[in-house]
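S.K.: got a sequence here, can you build the structure:
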Amino acid sequence: MALLVLTALIVLTQLYTAIPLFAPVGEEFGGDVTFALATCFSLCYAVGFLVWGPVSDQVGRRRLMVPGLLALSLATLACAFATSVGWLAALRGLQGLAAASFTPVALAYLAEATPPERRNSAIGTMSIAFLVAGIFGQVLASYVSLWFGWPWMFVVCATVLAGSCLTAALTLSEAPAEVSRATSDTASRLWAESP
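M.R.: Okay, here's the model as predicted:
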């Protein structure tokens, strides 16, 4: 659970790093970078939610989470080397799409892999990490860009994400298929019954 909560914090940090990076990135590229830094990431992140949740029902949570974290690590590192606003926009879009492979899948994984008596605490802790990322991401990005330059924010996050990916690959096990199917069926039934 600690691994998933730390990873959730860093994954959602990618969304909020855009706010303090507007000025230094805009200064370097000479213009407004709101679309490249924030909009591309956010749109692809939203679309990814629609894609990755159902895909993980079919292929398994761990089998999607680990490659997704690897793709996110690489896309995050590539953002540090963007040479234009267009490249940054494309890379942030890839980053958002890859980041979306973690959030819904990790929540489903916790629901399946955590004993019932600890499930609410696990999901609540991850939800807190998602909320804290809004503050943590902005503070971290401000500090790193001020002292080292904005590309280093992406290098730092890519390094932590790569470590999370490796740790997840070595420690997480796939929930039994019958648990995954039962969780998916229950979620579908609750969705159908909602007003």
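S.K.: if I look at C40, how far off is V33?
M.R.: 10 Å (C-beta to C-beta, to the nearest Å). The way it works is simple: take the backbone N, C-alpha and C, and place the C-beta from them, glycine included.
S.K.: likewise for W152?
M.R.: From W152 to V33 the distance is 17 Å (C-beta to C-beta).
S.K.: more neighbours: which of these two?
M.R.: Higher neighbour count among W152 and V33: V33, with 23 against 14, using other C-beta atoms under 10 Å.
S.K.: wait, the more buried one sits on V85?
M.R.: Yes. With contact defined as C-beta atoms under 8 Å, V33 counts as touching V85 (5.8 Å).
S.K.: list the contacts of V85.
M.R.: 29, 31, 33, 35-36 (C-beta atoms under 8 Å, 6 or more residues apart in numbering).
S.K.: buried stuff in the helix or strand containing G86?
M.R.: Using DSSP states H and E, G86 falls within helix 85-99. By neighbour count on 16 or more other C-beta atoms under 10 Å, the buried set for helix 85-99 is 85, 88-99.
S.K.: output these as CSV; include the columns pLDDT and distance to R63.
M.R.: Listed next are these as CSV, based on pLDDT from 0 to 100; distance: C-beta to C-beta, whole Å:
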residue, pLDDT, distance to R63
V85, 92, 35
L88, 94, 30
A89, 94, 30
A90, 96, 26
L91, 96, 25
R92, 95, 26
G93, 96, 24
L94, 97, 20
Q95, 96, 21
G96, 95, 21
L97, 96, 17
A98, 96, 15
A99, 95, 18
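S.K.: closest to V156 out of the residues you listed?
M.R.: Of all those, Q95 has the smallest distance to V156: 14.3 Å, by C-beta to C-beta.
S.K.: once you drop chain neighbours, what's closest to that closest one?
M.R.: A75 (4.2 Å; C-beta to C-beta, 6 or more residues apart in numbering).
S.K.: how close does the one you found get to L97?
M.R.: Taking C-beta to C-beta, one finds A75 at 8 Å from L97.
S.K.: got it, and C44?
M.R.: From C44 to L97 the distance is 4 Å (C-beta to C-beta).
S.K.: mind jotting down where the strands sit in this protein?
M.R.: Secondary structure of the chain by DSSP state E: no strands are present.
S.K.: remind me, longest helix of it?
M.R.: helix 116-147 (DSSP state H).
S.K.: how many residues are close by T17?
M.R.: 28.
S.K.: excluding its backbone neighbours, what's nearest it?
M.R.: A141 (4.0 Å).
S.K.: now the helix holding G86, how far from the centre of its chain.
M.R.: 13 Å (C-alpha atoms, centre = their mean, to the nearest Å).
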